[in-house]
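Peer 1: using only what follows, build the 3D model:
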Amino acid sequence: MRVVFMGTPDFAAASLQKLIDSGFEIAGVFTQPDRPKGRGMELVYPPVKELALRFGLPVFQPEKLRDGTALELLRQLKPDVLAVVAYGRILPDEILALPRYGAVNVHGSLLPKYRGSAPIQWAVLNGDKITGVSTMYLAHEMDSGDIIYTAETEIGEFETSGELFDRLKDLGAGLLVKTLEDIRAGTAPRTPQDHSRATYAPPLDKSLCPIHWNQSPRQIVKQIAGLQPWPVATMELEGTVYRVFAAAYTQNRTEKAPGSLVSAGKEGIELACANGETLRITQLQAPGKKRMSAADFLRGHPLKVE
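Peer 2: Residues are numbered from 1 along each chain as shown. Presented below is the predicted three-dimensional model:
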């Protein structure tokens with residue numbers, strides 16, 4: 001089975017590595033163009049490109065997919081199947097129709113839940129206890145194709161999106177290998193999605209960062225976890241905005257208004273939330289400073305509890 005792999009970030013690189021390790025014939029690798037990064041704005045290879053070059057695989061980085069160039073490249077490569085993982089581009093119908101086994105995608109949710117670009121983050125933000133990965137056949141509409149396999153996993157109470165990414169990329173890589181092996185053997189199932197149950201996971205932006213203290217402690221914990229590694233939750237203390245990286249539950253009650261300072265000490269910075277509950281911030285970052293524990297922060301920035 002000749003495979004053309006299409007992907008860009010670390011999440012996709014894990015799947016490409018697994019295909020290589022499993023002995024699949026990789027006819028070519030498509031990834032997004034190099035992008036400038038850092039203060040020097042130097043061009044940086046996508047993780048998938050770095051991996052492909054390390055194994056001597058041919059790499060293609062078309063700027064566009066609808067001008068016929070990518071289609072002609074694929075005709076020359078003659079893939080039996082396209083394996084698409086976080087490529088970041090919508091494939092035209094003529095590309096989807098080219099391989100005899102179609103195009104197979106790994107998606108970071110249990111479809112039809114969380115179609116879209118940020119399924120892992122929204123599973124954490126919404127406080128889900130279970131998530132997973134799905135393999136499916138790509139179709140014209142985004143993330144709407146027939147499901148092949150799913151694999152579930154629990155989300156830790158304080159697990160960040162970044163930590164969950166690392167687990168799901170490996171879970172997805174293994175599921176992709178199983179999927180392609182079964183497609184090759186003619187035993188892969190094909191289950192249409194229930195489109196009436198579809199939900200969507202739009203991209204994150206910085207408008208999600210400020211913590212609103214009139215929420216429950218769990219909602220705030222999930223906001224803090226879900227917005228890591230980007231764009232990171234924020235809170236305001238004494239007129240300064242801080243990035244917030246970790247929090248802990250308390251058993252305490254307060255009559256103070258949400259957002260009020262309840263206590264500050266070696267265990268952290270305790271603030272009032274909804275319904276008289278409180279939450280303790282345990283890790284934060286001041287502007288221009290490094291991330292630190294709340295206890296270390298308080299040594300240099302004592303807070304007055306009124």
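
Peer 1: residue contacts, the nearest residue to G127 once chain neighbours are set aside?
Peer 2: If you skip the residues right next to it in sequence, G127 has K222 as its closest partner in space, 4.6 Å away by C-beta to C-beta, 6 or more residues apart in numbering. Where C-beta positions appear, they are placed from N, C-alpha and C, glycine not excepted. Taking C-beta atoms under 8 Å, 6 or more residues apart in numbering as the definition of contact, the neighbours of K222 are V124, L125, N126, G127.

Peer 1: element containing the last one?
Peer 2: Put plainly, it is G127. Counting by DSSP states H and E, G127 is held by no secondary-structure element, helix or strand.

Peer 1: by neighbour count, which of the contacts of K222 wins?
Peer 2: Neighbours here mean other C-beta atoms under 10 Å. Within the contacts of K222, the largest count is held by V124, at 26 neighbours.

Peer 1: the closest residue in space to that one that isn't next to it in sequence: what's it in contact with?
Peer 2: Taking C-beta to C-beta, 6+ apart as the measure, V124 lies nearest to G226, with 3.8 Å between them; neighbours along the chain are not counted. In this structure, G226 makes contact with Q121, W122, V124, L125, N126, T160, S161, judged by C-beta under 8 Å, 6+ apart.

Peer 1: ok so, going back, now the contacts of K222 in TSV, with distance to S260 and pLDDT?
Peer 2: Listed next are those as TSV, based on distance: C-beta to C-beta, whole Å; pLDDT from 0 to 100:
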residue	distance to S260	pLDDT
V124	27	98
L125	25	98
N126	27	98
G127	24	98
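
Peer 1: can you give the contact residues for the helix or strand hosting M6?
Peer 2: Using DSSP H and E, the secondary-structure element containing M6 is strand 2-7. The list of residues contacting strand 2-7 from outside it, by C-beta under 8 Å, 6+ apart, reads 12-13, 15-16, 19, 24-31, 48, 52, 74, 77-87, 89, 91, 99, 180.

Peer 1: just the ones of the contacts of G226 in helices?
Peer 2: When DSSP state H defines the helices, the subset of the contacts of G226 inside them is Q121, W122, V124, L125, S161.

Peer 1: burial count for the first one?
Peer 2: Right, the one you point to is Q121. Using other C-beta under 10 Å: Q121 sits among 28 other residues.

Peer 1: same question, the second one
Peer 2: The number of residues packed around W122, counting by other C-beta under 10 Å, is 22.

Peer 1: pretty sure it contacts A201?
Peer 2: Yes - between W122 and A201 there is a contact under C-beta atoms under 8 Å: 4.2 Å.

Peer 1: overlap in contacts, those two.
Peer 2: Y114.

Peer 1: picking that back up, can you pull the pLDDT of the residue nearest to G127?
Peer 2: Reported pLDDT at K222 in the predicted model: 98.

Peer 1: contacts only, for E306.
Peer 2: So, once contact is read as C-beta under 8 Å, 6+ apart, E306 ends up touching L261.

Peer 1: about what we covered before: now the strand holding M6: average pLDDT?
Peer 2: Along strand 2-7, the predicted confidence averages to a pLDDT of 98.

Peer 1: quick one: buried residues of that strand?
Peer 2: For strand 2-7, burial by neighbour count (16 or more other C-beta atoms under 10 Å) applies to V3, V4, F5, M6, G7.

Peer 1: that one: partners in the sheet, and parallel or antiparallel?
Peer 2: Here the strand partners of strand 2-7, with direction, are listed using DSSP bridges: strand 25-30 (parallel), strand 81-85 (parallel).

Peer 1: right, and the helix or strand after that strand?
Peer 2: Using DSSP H and E, the helix or strand that follows strand 2-7 towards the C-terminus is helix 10-21.

Peer 1: could you check how far that following helix is from the centre of its chain?
Peer 2: For helix 10-21, the distance between its averaged C-alpha position and the chain's averaged C-alpha position is 16 Å (C-alpha atoms, centre = their mean, to the nearest Å).

Peer 1: how far does stretch 205-217 stretch from one end to the other?
Peer 2: Separation of the first and last residues of stretch 205-217 by C-alpha to C-alpha, to the nearest Å is 22 Å.

Peer 1: got it, and stretch 295-306?
Peer 2: Taking C-alpha to C-alpha, stretch 295-306 runs 19 Å from one end to the other.

Peer 1: so which bits of it are buried?
Peer 2: Of the residues in stretch 295-306, those scored as buried under the neighbour-count criterion (16+ other C-beta under 10 Å) are F297, L298.

Peer 1: what's the answer for stretch 145-158, then?
Peer 2: For stretch 145-158, the buried set under the neighbour-count rule, 16+ other C-beta under 10 Å, comprises G145, I147, I148, Y149, T150, I155.
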